[in-house]
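Student: here is the input, now give the coordinates:
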Amino acid sequence: MSNGEKRRTSRLDLGMLPVLLVVLLFLVAAIFADYLAPYDPEEINLEHSFIPPSFQQGGMREHLLGTDLLGRDILSGLIHGARVSLIVALLGVVTSGIIGGGLGILAGYKGGFGDTIISRSSDVMLGFPTILIALILAITIGPSLLVVCFIVVLVYWARYARQARGETLQIREMGYVTLARTAGCSNFTIMLRHILPNVMSSLLVLATFNVGTVITLESSLSFLGAGVPPPNVSWDAMCSEGRE
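Tutor: Okay, the predicted model is just below:
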């Protein structure tokens, strides 16, 4: 590697540092919310409603970012809201990745009628607007944390299925897969030991990109009143209440 390439790599690493620090801050806030939050985010105190932030006139040191209409501490709500977003993102991305990736590998390796069903189903899911499907399901089933996670899985599994299927179609023609089939390995063993490890890297990259979109989807639902309901604290539910 030349000196110029090393300098560019070094600048790239330093440029990623603020992003990693922000992500680390969110993770710490989500994991240790019970210890970091100064107050219970659902504690109502009408005597302290609409207190401005402490750095503005009329603010209080006890409430650094002020309080809302019901006197709830906004800083505590922000800290606990990070946990809700993290839970939805992790559960939704991991579950949709497992289901979609498994179906994609199965469709690409086996082919036939099952491949047609899975491929057309994923095409249908990718053809509809994500927020429209999520909003209809949230209103129909009813808002809750598990419902939001279910909606994320239902909306995003098709992305993993298509990615896994496309790579499996190439991998199944490789020499080592043919040798494993000739040696008498079962289809399940071939998919698990020879295809999945080669597909996993691209699925992990896709999952990394989807974490942000999943949080955005959950935020949109909460802002529209169809996301995670009280007593759970959500960032965009707070924004929706503050909009009034």
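Student: just the C-alpha atoms of the host helix or strand of Phe113, please, in PDB.
Tutor: According to DSSP states H and E, Phe113 maps onto helix 112-127. C-alpha atoms of helix 112-127 as PDB (Å, rounded to 0.1, in the frame of the first residue of the first chain):
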ATOM      1  CA  GLY A 112     -39.000 -25.300  -9.000                       C
ATOM      2  CA  PHE A 113     -42.500 -24.300  -7.800                       C
ATOM      3  CA  GLY A 114     -41.200 -23.300  -4.300                       C
ATOM      4  CA  ASP A 115     -38.800 -20.900  -5.900                       C
ATOM      5  CA  THR A 116     -41.600 -19.300  -8.000                       C
ATOM      6  CA  ILE A 117     -43.800 -18.800  -4.900                       C
ATOM      7  CA  ILE A 118     -41.000 -17.200  -2.800                       C
ATOM      8  CA  SER A 119     -39.700 -15.100  -5.700                       C
ATOM      9  CA  ARG A 120     -43.200 -13.700  -6.600                       C
ATOM     10  CA  SER A 121     -44.100 -13.100  -3.000                       C
ATOM     11  CA  SER A 122     -40.900 -11.100  -2.500                       C
ATOM     12  CA  ASP A 123     -41.600  -9.200  -5.700                       C
ATOM     13  CA  VAL A 124     -45.100  -8.300  -4.400                       C
ATOM     14  CA  MET A 125     -43.700  -7.100  -1.000                       C
ATOM     15  CA  LEU A 126     -41.000  -5.000  -2.700                       C
ATOM     16  CA  GLY A 127     -43.500  -3.500  -5.100                       C
END
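Student: tell me the centre residue of this protein?
Tutor: Centroid check for the chain by C-alpha atoms, centre = their mean gives Ala89 as the closest residue, at 2.6 Å.
Student: quick revisit: in the helix holding Phe113, which residues are buried?
Tutor: Counting neighbours by 16 or more other C-beta atoms under 10 Å, one finds that the buried residues in helix 112-127 are Asp115, Ile118, Ser119, Ser122, Met125. Every C-beta, even on glycine, is put in place using the N, C-alpha and C of the backbone.
Student: measure the residue nearest to the centre of the chain to Ile118 for me?
Tutor: Distance, Ala89 to Ile118, by C-beta to C-beta, to the nearest Å: 25 Å.
Student: next helix or strand past the helix or strand bottoming out on mean pLDDT in the chain?
Tutor: Ranked by mean pLDDT, DSSP states H and E, the weakest helix or strand in the chain is helix 3-31, scoring a mean of 62. Using DSSP H and E, the helix or strand that directly follows helix 3-31 along the chain is helix 33-36.
Student: now do the helix or strand just after that following helix: distance to the chain's middle.
Tutor: The element immediately downstream of helix 33-36 (helix or strand, assigned by DSSP H and E) is helix 74-110. Computed by C-alpha atoms, centre = their mean, to the nearest Å, the chain-centroid distance of helix 74-110 equals 5 Å.
Student: average pLDDT for helix 74-110, rounded please.
Tutor: Mean per-residue pLDDT for helix 74-110: 87.
Student: buried sites along it?
Tutor: Here helix 74-110 shows 74-89, 91-93, 95-97, 99-109 as buried, counting by 16+ other C-beta under 10 Å.
Student: isn't Asn198 right up against Glu167?
Tutor: Yes. Assessed by C-beta atoms under 8 Å, Asn198 is found in contact with Glu167 at 7.1 Å.
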